[in-house]
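K.L.:
Provided below are the primary sequence and the corresponding predicted coordinates.
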Amino acid sequence: MERILSSEGLAGVIAEFGRERVKYAVVAHLDRIRRDRAPFDESAAVDDARQQLATATASTLRRVINGSGVIIHTNLGRSPIDPALWSRAAAITTGYSNLEFDLDEGSRGRRDEHLTELCRTLFGCEAVILTNNNAAGTLLLLAAVAGGREVIVSRGELVEIGGSFRVPDVIQQGGARLREVGTTNRTRAGDYDAAVSEASAAILRVHRSNFEIVGFTESPSIDELVAVARARKLPLLYDEGSGRVVDLTVYGFSSAPTIRELIAGGVDAVACSTDKLIGATQGGLIIGYEDIINGCRKHPLMRALRAGKESYAVIAETLRAFATGRHETEIPIYRMLATPLDVLRARASDMVQGTACRVIDSDCALGGGTTPSETIPSIAVEVPGDASQLASRFLRHDPPIVGRILNDRFTIEVRTLGEEDGRVVAGAIRG
């Protein structure tokens, strides 16, 4: 063993992975050749050890090019982060910071205060707190406001989100008891009002996220729910989920209230994700009145659900882009949404030049459960050949390229490609 480890061939492997790890890899190699009764070959031993250690120490997480036609793709990490924005956040997170340190007082501070002024500016709220995702935010909000009591919610809003997580389970894990009202397709303001009792702690509205109910339906407006909540002296909580900061009608989507409009309209607290329509990294904001946020801040669950310095830094930089009107240049998902069709068509034409690929009209979904039944016009590249084989081939590319199959044709959506992504795709379709 010592002779093998001292060989010239293993010197580079030991320098990269350390002597002890290389020793274990060589032992495993020797066990295999003894079992197979194969001869020892030093070159084969070096290659095997390097391969073992490279596999054992590598992360399976990789950069992927998104040509799927879904902008906020949950399976692909939701919202991408602009390198310049990430760099500004990294300047804070790569060293020490005042995450929980009050620089004016020279004593311990509160991490949630770093987003307070930004969110007051953007949303007109009194206070805000950040958790590690929106499910955590909803859990904390209900635990703080309705723990051990009833929360009134429509049967049509008891949704199941990705990964088989169900809103009713989240509510109950927070210690609240469900008081279901209405039916799957029709719930009226009067249903909420009739359900109020001494056990009631709050009224909850839930964004349906990944589906819509159509046909014979009815659902009360926010104004109607606010009126019931005020008359019954109950807080109105809204699991808004998507994090709608700006009006999306300018990009071709239906109108829906922004967070600022919800707060101004009388909703007491809004919970939302930060990696959907906000376009930042994963997190869950709870936005609302000071007394509710303070209750969340003091709840024992807060310690378990709070976000780290990296989340604070990236989310703060992203919110600042909204506050300064730079979201269409500094937040990639809004850059994608704002790109005109003629620009996309020109990019696609450059990519396919000299190939048998075609530029076609397509549609693009916003994704992330934000606008479940809507798409906007877009442009895609259609690659000729067997669609299934092409999909597999492009997934094996370095970096992997995720496309989609439409009408038995393999296509790559252009709207979701960054500048560098476009060059990679252009090379891949020629490969």
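P.N.:
Everything's here; your move.

K.L.:
how about the strands in the stretch 151-300 of the chain?
P.N.:
Assigned by DSSP state E, counting those that start in this stretch, the strands in the stretch 151-300 of the chain fall at 160-161, 165-166, 177-181, 200-206, 236-241, 269-273, 284-288.

K.L.:
which residues in the stretch 251-400 of the chain form helices?
P.N.:
Assigned by DSSP state H, counting those that start in this stretch, the helices in the stretch 251-400 of the chain fall at 259-264, 290-298, 301-305, 309-323, 327-330, 332-338, 341-352, 387-395.

K.L.:
can you name the residues in contact with the second one?
P.N.:
Residues from elsewhere that reach helix 290-298 (CB atoms under 8 Å, 6 or more residues apart in numbering): 110, 112, 126-129, 140-141, 144-145, 235, 268-269, 286-287, 302. Backbone N, C-alpha and C define where each C-beta goes, glycine included.

K.L.:
can you get me a residue count around residue 50?
P.N.:
Residue 50 has 18 neighbouring residues, counting by other CB atoms under 10 Å.

K.L.:
what residues are up against it?
P.N.:
Residue 50 neighbours (CB under 8 Å, 6+ apart): residue 13.

K.L.:
quick check: it vs residue 18, distance?
P.N.:
13 Å (CB to CB, to the nearest Å).

K.L.:
could you do residue 313 as well?
P.N.:
33 Å.

K.L.:
what about residue 415, which SS state?
P.N.:
When classified by DSSP: H, G, I helix; E, B strand; the rest coil, residue 415 comes out as coil.

K.L.:
what's around it, how many residues?
P.N.:
With other CB under 10 Å as criterion, residue 415 counts 25.

K.L.:
surely it touches residue 67?
P.N.:
No: contact criterion CB atoms under 8 Å: residue 415 and residue 67 do not qualify, at 9.3 Å.

K.L.:
who has more neighbours, residue 313 and residue 18?
P.N.:
residue 313 (24 against 11).

K.L.:
all helices for the stretch 51-200 of the chain, in order.
P.N.:
For the stretch 51-200 of the chain, the helices defined by DSSP H, counting those that start in this stretch occupy 83-93, 116-123, 134-146, 167-173, 189-195.

K.L.:
what angle separates the second one from strand 284-288?
P.N.:
Spelled out, that is helix 116-123. Inter-element angle recorded for helix 116-123 and strand 284-288: 70 degrees (by axes from the mean of the first three to the mean of the last three CA atoms, to 10 degrees).

K.L.:
dump the C-alpha coordinates for helix 116-123 into CSV.
P.N.:
This file holds the C-alpha atoms of helix 116-123, laid out as CSV (Å, rounded to 0.1, in the frame of the first residue of the first chain):
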residue,chain,number,x,y,z
THR,A,116,-38.5,47.0,7.1
GLU,A,117,-37.9,50.3,5.4
LEU,A,118,-37.8,48.7,1.9
CYS,A,119,-41.1,47.0,2.5
ARG,A,120,-42.7,50.1,3.9
THR,A,121,-41.7,51.9,0.8
LEU,A,122,-42.9,49.2,-1.6
PHE,A,123,-46.0,47.9,0.2
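
K.L.:
which segments of this structure make up each domain?
P.N.:
Domain assignment for the chain by automatic domain parsing gives 2-56, 65-73+335-430, 81-330.

K.L.:
can I get these in a markdown table with mean pLDDT?
P.N.:
Shown next, in a markdown table, are those (pLDDT from 0 to 100):
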| stretch | mean pLDDT |
| --- | --- |
| domain 2-56 | 90 |
| domain 65-73+335-430 | 95 |
| domain 81-330 | 91 |
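
K.L.:
quick one: the closest residue to residue 348 other than its chain neighbours from residue 382, how far?
P.N.:
In space, residue 348 comes closest to residue 359 once its chain neighbours are excluded; the distance is 4.3 Å by CB to CB, 6 or more residues apart in numbering. From residue 359 over to residue 382 the distance is 8 Å, taken as CB to CB.

K.L.:
go on, residue 199?
P.N.:
From residue 199 to residue 382 the distance is 59 Å (CB to CB).
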